[in-house]
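A.B. asks: Structure for the following, please:
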Amino acid sequence: MVATIDFKKLQRDDKLIIGKGEKLYKKLVKELEEHFYGKQVGINIDTGEYAIGETKVDVLDKFDWKFGKKARGYFRVIGKGHPDVHL
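C.D. replies: Numbering: from 1, shown residues only. Coordinates of the predicted model:
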């Protein structure tokens, strides 16, 4: 049996995650920048909760531990940088 990948669905999912994540980040930006500027944040787009880490690997580990492997997150550097999406 051969698995197929629906790339259009993946693109829609990415856009949804980025859109929700950016909205949540804007709501949290003042608090995050005041306490965690320059660190990595992973925001659970379904709950609005977040995990903070020093590096991408660190924040991914903390995010997975806190929310589980199936949680959808929006990741970025606090105060600078471009978002990274983790499904």
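A.B. asks: in the protein, which residue is closest to the centre?
C.D. replies: When the chain is reduced to its mean C-alpha position, the closest residue under C-alpha atoms, centre = their mean turns out to be Y74, at 1.7 Å.
A.B. asks: list the helices and strands the lengthiest helix in the chain packs on?
C.D. replies: Ranked by residue count, the top helix of the chain under DSSP state H comes out as helix 7-36. The elements that helix 7-36 packs onto, with contact taken as 3 or more C-beta pairs under 8 Å, 6 or more residues apart in numbering; DSSP states H and E, are strand 40-44, strand 50-53, strand 73-77, strand 84-86. The way it works is simple: take the backbone N, C-alpha and C, and place the C-beta from them, glycine included.
A.B. asks: What's the mean pLDDT across stretch 36-54?
C.D. replies: Along stretch 36-54, the predicted confidence averages to a pLDDT of 96.
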